[in-house]
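In: just coords:
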């Protein structure tokens, strides 16, 4: 049955008139493999694939490309319709040469040295100054932020975490006048006399010196002085020096603390000025006091970082190891300043 199911060729049906069959007995001839000697040979004629169809439609060049395409009529390839540089008009050649010679700046320094970029930036700034802020767009943005992130516009910043912000035409001033007033009222110490320096000149505080005082009050006041250094770089050294004796404070340490409070009582309105300037150059200044600590003979590092004319970072800290010379102490101070910059 498998041989009969495999039908490689169509049936050939023929009719013949015989006596032993009906009047029209169909005879089916098909090539069926068998073991008998009867064979049916088929000799199909090999046929070649049809030739590819070649279009005889004439090719015409668009009228607007008559002056831009190749004029070689003998070329039959489609590459003859490409645009050649020699057939471009002079204005297009000039535009291509200018475009190829342009180099887009990758940094602000490169853009500031390009006259075209500088003129474009000046025109943009002039347009912004003339038109001013688009209030409807700003209001729509605030509404969208409030809807998506639940953010509300609190207006112009005036007070944040004990720091008062005063807006000027040339920048902003950060002060802690309210915090200083509350500090002086809660200290319960006599600060009526004025002091010209944060600490007494040439005074060296020792660890085991004088009678011990109330450590809770001392720690509270020194901690507030450390918070006051956010807007008062001038008392950083004094706050650092007094912080060394929080675990074991004596009467000389308390007297030095009172001296610092008297100093800030008469300049409570001072702060730092963040000045608006076009010259944003990062400058760093460092100094060291060799062997200034009488307890450990370690040096003290001090530095301040200025962005333009505005102080952005400052610190006064004792060095980790003892320096054998003032030059070594200076190099350690410069290394700490470099680490702060990077």
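Out: Right, received. Where do you want to start? Keep in mind that this is a model prediction, so the values were computed, not measured.
In: In contact with the nearest residue to residue 114 once chain neighbours are set aside: list those residues for me.
Out: Leaving out its chain neighbours, the residue that sits closest to residue 114 by CB to CB, 6 or more residues apart in numbering is residue 105, at 5.9 Å. For the C-beta atoms, the positions are set from N, CA and C on the backbone; glycine is no exception. For residue 105, the contact set (CB atoms under 8 Å, 6 or more residues apart in numbering) comprises 111, 114, 117.
In: Skipping its backbone neighbours, what lies nearest the last one in space?
Out: Nearest-residue entry for residue 117: residue 111, 4.2 Å, with adjacent residues in sequence omitted and distances by CB to CB, 6+ apart.
In: phi, psi of the one you found?
Out: phi -70, psi -30 (degrees, to the nearest 10).
In: So what's the residue count around it?
Out: Other residues near residue 111 come to 15 when the count uses other CB atoms under 10 Å.
In: Where do the helices of the chain begin and end?
Out: Along the chain, the segments classed as helices by DSSP state H run 2-5, 90-101, 108-112, 115-131, 135-149, 177-186, 215-228, 236-243, 251-265, 326-341.
In: just so I know, which of those lies nearest residue 318?
Out: helix 236-243 (7.3 Å; CB to CB).
In: How far away from the center of its chain is that closest one?
Out: Here helix 236-243 is found 36 Å from its chain centre; the criterion is CA atoms, centre = their mean, to the nearest Å.
In: angle of that helix against helix 251-265?
Out: Between helix 236-243 and helix 251-265, the angle comes out at 150 degrees (axes from the mean of the first three to the mean of the last three CA atoms, to 10 degrees).
In: Just list what helix 236-243 packs against, helices and strands only.
Out: For helix 236-243, the elements it packs on are helix 215-228, helix 251-265, strand 300-307, strand 310-318, judged by 3 or more CB pairs under 8 Å, 6 or more residues apart in numbering; DSSP states H and E.
In: Now the shortest one: average pLDDT?
Out: Just to be clear, that refers to strand 300-307. The average pLDDT within strand 300-307 is 88.
In: strand partners of it, parallel vs antiparallel please.
Out: Its sheet considered, strand 300-307 pairs with strand 282-289 (antiparallel), strand 310-318 (antiparallel) by DSSP bridges.
In: Switch those over to TSV; also include distance to residue 184 and mean pLDDT.
Out: As requested, those are exported to TSV (distance: least, CB to CB, whole Å; pLDDT from 0 to 100):
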stretch	distance to residue 184	mean pLDDT
strand 282-289	29	88
strand 310-318	23	87
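In: Mean neighbour count and distance to residue 270 for those strands - can I get that in CSV?
Out: What follows is these, written out as CSV (neighbours: other CB atoms under 10 Å; distance: least, CB to CB, whole Å):
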stretch, mean neighbour count, distance to residue 270
strand 282-289, 15, 20
strand 310-318, 16, 13
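In: now those strands as JSON lines including distance to residue 274?
Out: Below are the strands paired with strand 300-307 laid out as JSON lines (distance: least, CB to CB, whole Å):
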{"stretch": "strand 282-289", "distance to residue 274": "14"}
{"stretch": "strand 310-318", "distance to residue 274": "4"}
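In: Looking at those strands, which is nearest to residue 256?
Out: Closest to residue 256 of these, according to CB to CB: strand 310-318, at 15.2 Å.
In: check contacts around the residue nearest to residue 117.
Out: For residue 111, the contact set (CB under 8 Å, 6+ apart) comprises 105, 117, 118, 121.
In: quick one: low-confidence parts of this protein?
Out: Residues of the chain meeting the criterion pLDDT under 70: 1-47, 61-85, 101, 210, 212.
In: what residue is smack in the middle of it?
Out: Against the mean C-alpha coordinate of the chain, by CA atoms, centre = their mean, the closest residue is residue 107 at 14.0 Å.
In: tell me the phi and psi of that one?
Out: phi -150, psi 170.
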